[in-house]
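Engineer: Pasting the sequence and the predicted coordinates here, then a few questions.
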Amino acid sequence: MKYFPIALFALACSALGSQLTFDENAAKNRPVSKVITLLKDMLKQLEKEAEEDEEIYDKMACWCETNDKEKTKSIADAEARISDLTTKIEELTANSARLNTEIKNLEKEVAANQDALDKATSIREKELAEFNAEEKDLLGSISALKAAITVLSKHHGGSFLQLPRSHVLGIATTLQHEMQKHAAILDGVLTRSERRAAAAFIQAPEDYFDAAPTFKQSYAPQSGEIFGILRQMKETFESNLSASQKEELANQKAYEELKAAKEEQIAAGQQQIDTKTQELADTDEKNAQAKEDIADTRASLAADEQFLMMLKEKCQMTDKEWEERQKNTAARNGGMLEGPRHSQWGRCARPFHKNIQSNFCAARARYAVRPSVEGFENFIGCRN
């Protein structure tokens, strides 16, 4: 379409050439021919520049389209990542709070178990001290009674007159001491008659050393009765000692079982505390990293949005400038074809002017004429 007016003009000249005598050399040297040649050269140069401008514009348009797609995708990816990071931060924050609560509860449990173990240990130590004191006391009492029984057993069946006075006094002292010291243990063990006999012997052991028996001595207990009381007290103490020892063994076993259970609970609780503390540290670290990532992503998103906005403005301005250059180029090319109508064409131009006019104007009605043809249209003299 761009070269349609020129081609039509050439066809018209060719058709008319069969009717006119054409001097080619003379036509080339005429001013109009020189102007037309110059205009053609200028038109070619303008067309070349237009092609270069279009090539640059195409590259710019490609750059705009590529960057628009890339930044639009980058913005969408950033928004999706921000959404994911927001969810992740909420989850990590909730996990951190949960772990803190669980660690505090475990620490309370460990402290409670440790306190229970400490109290049990204190009670055990107290019980052991009491048992040791009781055992020592009973062993001493049993030993003293054994000694008294041994002395009496040598004279069993006889009277105390056969014993040295010091031995009898020693036996009386031992009997009195043990009965007073272990009154609680002996309560319900000795009968009333036994207690009276023991009391009589304790009160006047020396009465049993006179040569001639007195009235009191007639009621004094014989060695056999005192011997029986001593043996009964010894057996009672031994039985009590045995029960205390068994109780001590049971208490020690119960304490060891309790200690083992509490130590196991404390160890398990402490292990959970250590595990959850490490998990909490990892969670807090991930949370901090996620917060840093979301801050960086938001900054990147803001930069991409600003870049995309500037890109659209620049590319819209480039499109607008391109359209204006296209219009200016079309108008300029049309003006170049308008000028020769006012020049001196000479003899060749005027005869075939009407033929060109009729053919071009007919074509104008059929085709949509571009602006570059409008100058030639004016030259031919078409009228609306």
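Structural biologist: That came in fine, so what should we check first?
Engineer: ok, now which ones touch the most centrally placed residue in the chain?
Structural biologist: With distances taken as CA atoms, centre = their mean, Thr283 lies nearest the centre of the chain, 2.3 Å away. Thr283 is in contact with Leu92, Asn95, Ser96, Leu99, counting by CB atoms under 8 Å, 6 or more residues apart in numbering. (C-beta placed from N, C-alpha, C; glycine too.)
Engineer: Same check on Asn95?
Structural biologist: With CB under 8 Å, 6+ apart, Asn95 has these contacts: Thr283.
Engineer: Check the offset of whichever strand or helix holds it from the chain's centre.
Structural biologist: Using DSSP states H and E, Asn95 sits within helix 31-153. A distance of 2 Å separates the centroid of the chain from that of helix 31-153, by CA atoms, centre = their mean, to the nearest Å.
Engineer: mean confidence score for that helix?
Structural biologist: For helix 31-153, the mean pLDDT works out to 90.
Engineer: After that helix, which helix or strand is next?
Structural biologist: helix 165-181.
Engineer: Just the angle for that following helix relative to helix 31-153, thanks.
Structural biologist: Helix 165-181 and helix 31-153 are oriented at 140 degrees to each other (axes from the mean of the first three to the mean of the last three CA atoms, to 10 degrees).
Engineer: next helix or strand past helix 165-181?
Structural biologist: helix 183-186.
Engineer: after that next one comes which helix or strand?
Structural biologist: Next element after helix 183-186 (DSSP H and E): helix 192-203.
Engineer: Show me which residues of that following helix are buried.
Structural biologist: Residues of helix 192-203 classed as buried: Glu194, Ala197, Ala198, Ala200, Phe201, Ile202 (neighbour count, 16 or more other CB atoms under 10 Å).
Engineer: before we move on, the earlier item: mean confidence score for the helix or strand where the residue nearest to the centre of the chain lies?
Structural biologist: Using DSSP H and E, Thr283 sits within helix 223-338. In this model, helix 223-338 has a mean pLDDT of 90.
Engineer: now that helix and helix 165-181, what's the angle there?
Structural biologist: Going by the same axes, to 10 degrees, helix 223-338 makes 40 degrees with helix 165-181.
Engineer: circling back: just give me the closest of the buried residues of helix 192-203 to Ile226.
Structural biologist: Phe201 (5.7 Å; CB to CB).
Engineer: Report the separation between that closest one and Lys154.
Structural biologist: 18 Å (CB to CB, to the nearest Å).
Engineer: do the same with Ala129
Structural biologist: Taking CB to CB, one finds Ala129 at 39 Å from Lys154.
Engineer: what's the answer for Thr72, then?
Structural biologist: 121 Å.
Engineer: Same check on Thr318?
Structural biologist: 136 Å.
Engineer: quick one: which of the two has more around it?
Structural biologist: Thr318 (16 against 11; other CB atoms under 10 Å).
Engineer: count of neighbours near the closest residue to that one other than its chain neighbours?
Structural biologist: Distance criterion CB to CB, 6 or more residues apart in numbering; nearest residue to Thr318, sequence neighbours excluded, is Met60 at 5.5 Å. Close neighbours of Met60, defined as other CB under 10 Å, add up to 15.
Engineer: measure Ala111 to Leu258 for me?
Structural biologist: Taken as CB to CB, the span from Ala111 to Leu258 is 17 Å.
Engineer: The two: who's more crowded?
Structural biologist: Ranked by neighbour count (other CB under 10 Å), Ala111 and Leu258 place Leu258 first, with 15 against 12.
Engineer: For that one, list the residues it contacts.
Structural biologist: Taking CB under 8 Å, 6+ apart, one finds Leu117, Ala120 in contact with Leu258.
Engineer: Could you check how far it is from Lys286?
Structural biologist: For Leu258, the distance to Lys286 - CB to CB - is 41 Å.
Engineer: swap in Lys59?
Structural biologist: In terms of CB to CB, Lys59 sits 46 Å off from Lys286.
Engineer: quick one, which of those two is more surrounded?
Structural biologist: Lys286 (16 against 10).
Engineer: hang on, that one packs against Leu92?
Structural biologist: Yes. Assessed by CB atoms under 8 Å, Lys286 is found in contact with Leu92 at 5.7 Å.
Engineer: ok, Ser141 - contacts?
Structural biologist: Counted by CB under 8 Å, 6+ apart, Ser141 has contacts Glu178, Lys181, His182, Phe237.
Engineer: Repeat the analysis, applying 6 Å as the threshold.
Structural biologist: Glu178, Phe237 (CB atoms under 6 Å, 6 or more residues apart in numbering).
Engineer: Can you give me the neighbour number for Asn150?
Structural biologist: For residue 150 the amino acid is Thr, not Asn. Neighbours around Thr150, by other CB under 10 Å: 10.
Engineer: ok, now Thr236?
Structural biologist: 20.
Engineer: And it, how far from Asp187?
Structural biologist: Thr236 is 10 Å from Asp187, by CB to CB.
Engineer: cool, and Ile56?
Structural biologist: Applying CB to CB to Ile56 and Asp187 gives a distance of 123 Å.
Engineer: who has more neighbours, those two?
Structural biologist: Ile56 (12 against 8).
Engineer: Check the gap between the more buried one and Arg81 for me.
Structural biologist: Ile56 is 37 Å from Arg81, by CB to CB.
Engineer: circling back: how far away is the residue nearest to Thr318 from Met309?
Structural biologist: 18 Å.
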